[in-house]
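**Q** Show me the folded form of this:
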Amino acid sequence: MRPEDLAAGRPANADAMARGVTIKSLYQDATRNDPHTTAYAHWLLSLGSEVRTAPVLPQRLIIVDRTQALVPVDPADTRKGALHVTEPGILTALLDLFDQAWHTTVPLGATRPTDPTSGLTGTERELLRLPAAGLTDDGASQRLDISSRSVSRHMSSLMERLNATSRFEAGIKAAQQGWL
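**A** Residues are numbered from 1 along each chain as shown. Predicted coordinates:
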């Protein structure tokens, strides 16, 4: 997020939390490396909110009192506005999506444990899955919100650990070893 967007949200969020509203925020793991977002997240935590991260999240959305939701009109540019949703069917689907995402996340401040069987981090596991979904390095980079260089570095490490000569072979070997 842009620092000015985070700053713009502070007054409204502070007012809401002063009235007893609980804010639950989900961010991608990559935001742990962004000083502006991390500072904002710690500010939210200091006021009693809950902040969690995950390697991959669904599109951005805001849910209010489980009765209303705001969904970006254009997920690539949230400044273009949002759709206000109150219809029960759509709202239920968005609530289910948020709840599923919430249960796959780790509280900010906690480290994401590696899988004891494979030794994979959540980001590495997602990175092995994304090529099977047809994503290129650039697509994986955007989805995981990390640089293309980081994608390449992670994939090289995974290929070495799997003794694979291609990403395709790495995916097959990861599946054979039960990593996926």
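**Q** Every contact and neighbour count from this point should use C-alpha atoms.
**A** Fine.
**Q** so the residue lying closest to residue 63 once chain neighbours are set aside, which of the three states?
**A** The spatially closest residue to residue 63, leaving aside those adjacent along the chain, is residue 69, at 4.3 Å (C-alpha to C-alpha, 6 or more residues apart in numbering). Under the three-state scheme (DSSP: H, G, I helix; E, B strand; the rest coil), residue 69 adopts strand.
**Q** where does residue 69 land on pLDDT?
**A** According to the prediction, residue 69 has pLDDT 94.
**Q** what bridges to it?
**A** residue 63, residue 85 (DSSP bridges).
**Q** Could you give the number of residues near it?
**A** When neighbours are defined as other C-alpha atoms under 10 Å, residue 69 has 20 of them.
**Q** The residue nearest in space to the middle of the chain: what's it in contact with?
**A** Taking C-alpha atoms, centre = their mean, the centroid of the chain lies closest to residue 28, which sits 2.9 Å from it. Taking C-alpha atoms under 8 Å, 6 or more residues apart in numbering as the criterion, residue 28 is in contact with 53, 54, 55, 56, 57, 144, 145.
**Q** hang on, the third one packs against residue 32?
**A** No. Contact criterion C-alpha atoms under 8 Å: residue 55 and residue 32 do not qualify, at 10.8 Å.
**Q** So between the two, which is more surrounded?
**A** Higher neighbour count among residue 55 and residue 32: residue 55, with 24 against 16, using other C-alpha under 10 Å.
**Q** residue contacts, that one?
**A** Taking C-alpha under 8 Å, 6+ apart, one finds 28, 29, 30, 122, 123, 126, 144 in contact with residue 55.
**Q** In strands only, show me those.
**A** Residues from those lying in strands, with DSSP state E as the criterion: residue 28.
**Q** Look at residue 34 and report its pLDDT.
**A** 83.
**Q** Run a quick neighbour tally on it.
**A** 11.
**Q** again with the one 5 residues further on
**A** By other C-alpha under 10 Å, the residues close to residue 39 number 13.
**Q** i'd like the first residue to be 31 from this point on
**A** Right, with 31 as the first residue, what we last looked at is residue 69.
**Q** Which of the contacts of residue 85 fall within helices?
**A** Applying DSSP state H to the contacts of residue 85, the entries found in helices are 152, 153, 156, 174.
**Q** For the nearest residue to residue 178 once chain neighbours are set aside, which residues are in contact?
**A** Computed as C-alpha to C-alpha, 6+ apart, the closest residue to residue 178 that is not its neighbour in sequence is residue 171, at 5.3 Å. Residues near residue 171 by C-alpha under 8 Å, 6+ apart: 177, 178, 180, 181.
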